[in-house]
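Student: Quick check, what structure comes out for this input:
(2 chains)
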Amino acid sequence: MPDLRPANVIDLRSNQDAGAGADLFPAGVEDLTYQAGGTVLIKGIDLTLNADGVTVIMGPNGAGKSLLLRLMHGLLEPSGGHVTWGGRLLDDAIRRRQAMVFQRAVMLRRSVAANIDSVLRLRGRADPARRRDILEHAGLADRAEQPARLLSGGEQQRLALARALATEPDVLFMDEPTSNLDPASTLVIEDITKAARDRGTKIIFITHDMGQARRLADDVVFMHRGKVLEHSPAAAFFNQPASAEAGDYMAGKIIL
Amino acid sequence: MQDFGQAFLTAFSLLFSFDADLMEVIGLSLRVSLTALLVAGLIGLSIGALLAVTRFPGRGVALVVVNSMMGLPPVVVGLIIYMLLSNAGPLGFLGLLYTPTAMIIAQAVLILPIIAALSRQVIEDLHNEYADQFRSFCVPTGRMMAELLWDARYSLLTVMLAGLGRAMAEVGAVIIVGGNINHLTRVMTTTIALETSKGDLALALGLGVVLLTIALTINAAVMGLNATAKRQAYA
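Tutor: Model prediction:
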């Protein structure tokens, strides 16, 4: 298996100073609730996130992790409470500075290059040289002319990540992006993610994979049954979780 | 009454001698139906895409109306266009009755709901797959429609084909608004109807063969194109 990790990290955000997204922080949700079909799925969450690093969200299935991510990104409207970024309520101007990578990559029915071009055009920055840089960064330069939907699962997710980063987001949401990928593909995604973090992009990352959480997290949010039970720095969380549920979850016990 | 085999022989000899009258009729048929397809396609695909991506009060009613208009009876469409274009009608001043333009209008009206309704379904299915990603990127509605129309291009080709088939095959509307005037508004279907009633089965049959051949050719071409698209996972 060839090493697909980016050899040298190129700066895709050359037009921006490091920390250009600082005005979006602290970001947070206040008394956030979300209900669907009469069931309350997010139950009054308060959470504050800082500008740097990777925030990993963990918790069992049905805890509301994906919902929280979608609410913070504005894909869903909260039933109650607020989502604020740097003290401002979430709006389209803020949303345009965010991007999201989904669990299953959504590939346009076009070539790999056209998938990137579509987003560059959307942000008014179409440029073949930029597209080439972006694809090289994702290790997909030699696949540019291939139909995107014929890529392997790992390559599709790399393209989805590259496409999200092509918008030069200040905030990148990642919803279990590697849950269907093999270890090698997972490693590539993690390396690209870390490179984005090092360039100052705030990463909010959902994972079930304890090893992945340890590799990436600067702070950890632990959710259970629509509530945030714990939000701690990574070292503290992995050494001594504050909540019994998080301890059980990490010990591999099934929590209900 | 000629016998069946004799009719076939005459039909093929007309075809392969490129009989001038026959070619004129075939040419007008293609011109009218392809122009109608172009007009109905431009409008119908826009309506289909708009209905697929927008949510507004009364959308359900709009869908029911468009869907049921797929079954518009050609003679009724012909009658209404006739009344609009006749000298006493509101558009009589245009002097379009019994012209190829009137036939184009009638066929376009007839296939517009087909293209709008079928493309709405195709685009909405695709939109269900793309919606979250589009919303994440804050793609504006117009842009979203354009991206969906492009990505659904191969399925939409089949939709357009359904429209063309309906336009080429219908006789009721064009005979009313076109009048089946020799060398002016005579198309394949109206000629078949006329020649059959006159007893000239050979010409009618020759035109029937041409109609079928055109339908087969277009369908085969689109199927081939779709197979290529599937190989590239674009369909």
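
Student: Chain B against chain A: which residues are in contact?
Tutor: B:129-130, B:132-133, B:135-139, B:143, B:147, B:150-152, B:232-235 (C-beta under 8 Å from any C-beta of the partner chain). In short, each C-beta sits where N, CA and C put it, glycine included.

Student: Select only the buried ones of those in ChimeraX?
Tutor: This is how ChimeraX selects the buried members of those, with burial counted by 16 or more other C-beta atoms under 10 Å in any protein chain shown:
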select /B:130,132,133,135,136,137,138,139,147,151,152,232,234,235
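
Student: secondary structure class for residue B:39?
Tutor: Assigned with DSSP: H, G, I helix; E, B strand; the rest coil, residue B:39 falls in the helix class.

Student: no no, residue A:99
Tutor: strand.

Student: Check the burial of it by counting its neighbours.
Tutor: Residues contacting residue A:99 under the criterion other C-beta atoms under 10 Å in any protein chain shown number 27.

Student: Equivalent analysis for the one 5 residues further on, please.
Tutor: Here the number of neighbours of residue A:104 (other C-beta under 10 Å) works out to 15.

Student: pull the helix or strand with minimum mean pLDDT from chain B.
Tutor: Least confident helix or strand, chain B: helix B:4-16 with a mean of 81, by mean pLDDT, DSSP states H and E.

Student: C-alpha coordinates for stretch A:205-212, CSV please?
Tutor: What follows is stretch A:205-212, C-alpha atoms only, in CSV (Å, rounded to 0.1, in the frame of the first residue of the first chain):
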residue,chain,number,x,y,z
PHE,A,205,-15.3,15.5,15.0
ILE,A,206,-17.7,12.7,15.9
THR,A,207,-16.2,9.2,16.4
HIS,A,208,-16.9,5.9,18.1
ASP,A,209,-13.3,4.8,17.7
MET,A,210,-11.5,5.2,21.0
GLY,A,211,-8.1,5.1,19.4
GLN,A,212,-9.0,7.7,17.0
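
Student: How about residues contacting that stretch?
Tutor: A:54-58, A:65-66, A:69, A:174-179, A:186, A:190, A:193, A:213, A:216-217, A:250 (C-beta atoms under 8 Å, 6 or more residues apart in numbering or on different chains).

Student: swap the cut-off to 7 Å and go again
Tutor: A:54-58, A:65-66, A:69, A:174-176, A:178-179, A:190, A:213, A:216, A:250 (C-beta atoms under 7 Å, 6 or more residues apart in numbering or on different chains).

Student: Check the gap between the closest residue in space to residue B:105 that isn't next to it in sequence and chain A for me.
Tutor: Closest residue to residue B:105 apart from its sequence neighbours, by C-beta to C-beta, 6 or more residues apart in numbering or on different chains: residue B:81 at 5.8 Å. Distance of residue B:81 to chain A, given as C-beta to the nearest C-beta, to the nearest Å: 38 Å.

Student: which ones are touching residue B:81?
Tutor: B:102, B:105-106, B:109, B:173, B:177.

Student: Which helix or strand contains it?
Tutor: Element membership for residue B:81 (DSSP states H and E) is helix B:74-85.

Student: how about whatever helix or strand comes next after that helix: buried residues?
Tutor: Following helix B:74-85 in sequence order, the next helix or strand is helix B:100-136 (DSSP H and E). Using 16+ other C-beta under 10 Å as the test for burial, helix B:100-136 gives B:100-124, B:126-127, B:130-136.

Student: and the angle for the very next helix or strand once past helix B:100-136 with helix B:100-136?
Tutor: Remark: after helix B:100-136, the chain's next helix or strand is helix B:141-151, criterion DSSP H and E. On the basis of axes from the mean of the first three to the mean of the last three C-alpha atoms, to 10 degrees, helix B:141-151 is oriented at 110 degrees to helix B:100-136.

Student: Check which helices and strands helix B:141-151 is in contact with.
Tutor: Here helix B:141-151 touches helix B:20-53, helix B:100-136, going by 3 or more C-beta pairs under 7 Å, 6 or more residues apart in numbering or on different chains; DSSP states H and E.

Student: if you average pLDDT over that helix, what comes out?
Tutor: Helix B:141-151 shows a mean pLDDT of 96.

Student: Just give me how far the helix or strand encompassing residue B:212 sits from the chain centre.
Tutor: Element membership for residue B:212, per DSSP H and E: helix B:201-231. Taking C-alpha atoms, centre = their mean, to the nearest Å, one finds helix B:201-231 lying 14 Å from the centre of the chain it belongs to.

Student: That helix: which residues count as buried?
Tutor: Buried-residue list, helix B:201-231, by 16+ other C-beta under 10 Å: B:201-208, B:210-211, B:214, B:222, B:226, B:229.

Student: ok, now stretch A:191-200?
Tutor: By 16+ other C-beta under 10 Å, the buried positions in stretch A:191-200 come out as A:191-193, A:195-197, A:199-200.

Student: Sitting in helices, which of these do you find?
Tutor: Judged by DSSP state H, the buried residues of stretch A:191-200 include A:191-193, A:195-197 as members of helices.

Student: What is the nearest of those residues to residue A:245?
Tutor: Ranked by distance to residue A:245 (C-beta to C-beta), these are led by residue A:193 at 26.6 Å.

Student: so what's that closest one closest to, chain neighbours aside?
Tutor: residue A:203 (6.0 Å).

Student: Any buried residues in stretch A:125-136, and which?
Tutor: Applying 16+ other C-beta under 10 Å to stretch A:125-136 flags A:131, A:133-136 as buried.

Student: what pLDDT, on average, does it get?
Tutor: Averaging pLDDT along stretch A:125-136 gives 93.

Student: Where does pLDDT dip in chain A?
Tutor: A:1-20 (pLDDT under 70).

Student: State the helix or strand in which the closest residue to residue A:141 other than its chain neighbours lies.
Tutor: Among residues not flanking residue A:141 along the chain, residue A:135 sits closest, at 4.7 Å (C-beta to C-beta, 6+ apart). Assigned by DSSP H and E, residue A:135 falls within helix A:128-137.

Student: where's that helix relative to the chain centroid, distance-wise?
Tutor: 21 Å.

Student: Count the residues that sit near residue A:152.
Tutor: 12.

Student: Any chance of the backbone angles for it?
Tutor: According to degrees, to the nearest 10, the main-chain angles of residue A:152 amount to phi -70, psi 170.

Student: what do you get for residue A:232?
Tutor: According to degrees, to the nearest 10, residue A:232 has phi -140, psi 160.

Student: Dig out what it forms beta bridges with.
Tutor: residue A:220 (DSSP bridges).

Student: now it: how far from residue A:68?
Tutor: 17 Å (C-beta to C-beta, to the nearest Å).

Student: more neighbours, the two?
Tutor: Higher neighbour count among residue A:232 and residue A:68: residue A:68, with 28 against 19, using other C-beta under 10 Å.

Student: who's in contact with the helix or strand in which the more buried one is found?
Tutor: Using DSSP H and E, the element containing residue A:68 is helix A:65-73. Residues from elsewhere that reach helix A:65-73 (C-beta under 7 Å, 6+ apart): A:29, A:32, A:34, A:41-42, A:45, A:57, A:59, A:76, A:78, A:83, A:95, A:98, A:100, A:173, A:175, A:204, A:206, A:223, B:136.

Student: who's in contact with the residue in chain B that chain A sits nearest to?
Tutor: Chain A sits closest to residue B:233 of chain B, with a gap of 3.7 Å, by C-beta to the nearest C-beta. Contacts for residue B:233 were tallied using C-beta under 7 Å, 6+ apart; they are A:147, A:149-150.
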